[in-house]
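Novice: Below are the sequence and a predicted model for it; my questions follow.
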Amino acid sequence: MTDLQAPAISISNLTKYYGPAGGQRMKALENVNLTVGRGEFVSIIGPSGCGKTTMLKMVGGILGWDEGTVEVLGKGVTGPGPERATVFQSFALLPWMTVIDNVSFGLKVRGMAKQERYAIARTLLTSVGLADFENSYPRQLSGGMQQRVGLARALAVSPQLLLMDEPFSAIDAQTRLILQTDLLDIWSKTDLSVLFITHAMDEAVFLSDKVVIMGARPGHVTDVIDVDLPRPRNEETRRDPRFVELTGFVWDRLRGMIQEDGQAA
Ligand SMILES: Nc1ncnc2c1ncn2[C@@H]1O[C@H](COP(=O)(O)OP(=O)(O)OP(=O)(O)O)[C@@H](O)[C@H]1O
């Protein structure tokens with residue numbers, strides 16, 4: 001049972017070390033606090049190595065931690081769960097399966113009959129603009145199309161929480177802008193909560209209700225920025241002076257950290 005009032009994600013005083021207990025350990029995260037509300041879209045941005053993926057893996061239930069708590073929908077995380085789905089930078093599609101089999105794979109694992117799971121997959125393929133490609137193989141698709149399949153596959157299992165680890169970073173800049181608006185369009189029709197990792201400041205601001213900035217050595221949260229841009233967001237949003245201002249603010253914070261890091265190195 002999940003708590004209907006609880007946030008989608010609640011991370012408190014989270015500390016994580018890598019390395020063997022008793023051996024040389026590296027503190028990857030220190031005292032991290034983060035909340036993602038129900039239906040909220042939250043991005044995490046920060047310099048390389050600040051622990052973004054580490055944190056996402058913990059929320060996904062595939063990596064443990066040393067101190068603190070990680071709750072999803074009010075319940076302590078003890079492993080992966082059906083209410084969470086992840087979209088990876090590398091697409092992680094199964095190359096020997098067609099698009100429709102990739103999208104419906106999670107439903108097959110859950111024992112759903114072919115006709116039923118294909119019907120769900122077809123609806124999702126339509127919503128990501130790939131209705132005509134159900135019999136294609138991943139290698140026949142562009143990177144952007146493959147990531148649309150990745151998104152449809154994640155949505156197929158009806159998650160309440162979508163974890164996205166730099167999902168658009170391997171995709172060309174123009175396609176990426178289109179995928180951002182398409183993702184928001186799909187998200188706006190659901191009550192999904194999203195935790196999205198990115199290195200792109202404009203992407204973080206464009207997509208999010210909140211942008212969480214992290215610093216490194218060890219990873220920690222430095223800022224949580226409320227993005228007060230109206231929704232729905234579209235190409236006009238990118239020209240909004242407030243968008244430019246917020247993106248500039250994020251860059252100022254990150255640039256400061258990177259310069260400090262360079263001086264310390
Ligand atoms: N399995 C591991 N064993 C040891 N150290 C690790 C492991 N995974 C990550 N690290 C270290 O932990 C720190 C955080 O890594 P993580 O990949 O979470 O950062 P990140 O912010 O996602 O980085 P990037 O932006 O480059 O993807 C880094 O210093 C990394 O080298």
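Specialist: Alright, I've got the coordinates. Numbers count the residues shown, from 1 in each chain.

Novice: so does the one helix or strand V87 maps to get close to the ligand?
Specialist: Here V87, judged by DSSP states H and E, is contained in strand 84-88. No. Using CB under 6 Å from any ligand atom, strand 84-88 stays clear of the ligand, with a minimum separation of 11.7 Å. C-beta here means a position set from N, CA and C on the backbone, and glycine is covered the same way.

Novice: what angle sits between the next helix or strand after that strand and strand 84-88?
Specialist: Following strand 84-88 in sequence order, the next helix or strand is helix 99-109 (DSSP H and E). If you take axes from the mean of the first three to the mean of the last three CA atoms, to 10 degrees, helix 99-109 sits at 150 degrees to strand 84-88.

Novice: which other helices and strands contact helix 99-109?
Specialist: helix 114-127, helix 143-156 (3 or more CB pairs under 8 Å, 6 or more residues apart in numbering; DSSP states H and E).

Novice: Report the buried residues of the first one.
Specialist: Taking 16 or more other CB atoms under 10 Å as the neighbour-count basis, helix 114-127 is seen to contain the buried residues 117-118, 120-122, 124-125, 127.

Novice: of the helices and strands packed on helix 99-109, which approaches the ligand most closely?
Specialist: Closest to the ligand of the helices and strands packed on helix 99-109 is helix 143-156 (CB to the nearest ligand atom; 17.0 Å).

Novice: Just want the angle from that closest one to helix 114-127.
Specialist: 130 degrees.

Novice: Do me a favour and average the pLDDT over helix 143-156.
Specialist: For helix 143-156, mean pLDDT is 95.

Novice: Specify the next element, helix or strand, located C-terminal of it.
Specialist: Heading C-terminal from helix 143-156 (DSSP H and E), you reach strand 161-165.

Novice: Give the pairing partners of that following strand; include direction for each.
Specialist: strand 84-88 (parallel), strand 193-197 (parallel) (DSSP bridges).

Novice: Check whether it comes near the ligand.
Specialist: No. Counting by CB under 6 Å from any ligand atom, the ligand has no neighbours in strand 161-165; the shortest distance is 7.8 Å.

Novice: and the next helix-or-strand element following that strand, what does it pack onto?
Specialist: With elements assigned by DSSP H and E, the helix or strand that comes after strand 161-165 is helix 173-188. Identification of packing neighbours for helix 173-188 by 3+ CB pairs under 8 Å, 6+ apart yields helix 143-156, helix 201-207.

Novice: will you turn those into a markdown table that also has distance to the ligand and mean neighbour count?
Specialist: Formatted as a markdown table, the helices and strands packed on helix 173-188 follow (distance: least, CB to the nearest ligand atom, whole Å; neighbours: other CB atoms under 10 Å):
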| stretch | distance to the ligand | mean neighbour count |
| --- | --- | --- |
| helix 143-156 | 17 | 24 |
| helix 201-207 | 13 | 23 |
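
Novice: May I see these organised as CSV, with distance to F41 added?
Specialist: Listed next are the helices and strands packed on helix 173-188 as CSV, based on distance: least, CB to CB, whole Å:
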stretch, distance to F41
helix 143-156, 14
helix 201-207, 6
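
Novice: Show me which residues of the chain sit near the ligand.
Specialist: Residues of the chain lying near the ligand by CB under 6 Å from any ligand atom: 18, 26, 28, 46, 48-54.

Novice: residues in contact with G46?
Specialist: The contact partners of G46, by CB atoms under 8 Å, 6 or more residues apart in numbering, come to 52, 213-216, 219, 222, 254, 257.

Novice: So which of those sits lowest on pLDDT?
Specialist: Taken together, these show their lowest pLDDT at M257, with 86.

Novice: That one: which element?
Specialist: Residue-wise, M257 maps onto helix 241-264 under DSSP H and E.

Novice: If you count neighbours, what's buried in that helix?
Specialist: Using 16+ other CB under 10 Å as the test for burial, helix 241-264 gives 243, 246-247, 249-250, 253-254, 257.

Novice: Using the record's assignment, carve the protein into domains.
Specialist: Recorded structural domains for the chain (assignment: the TED database) are 9-83+160-264, 92-158.
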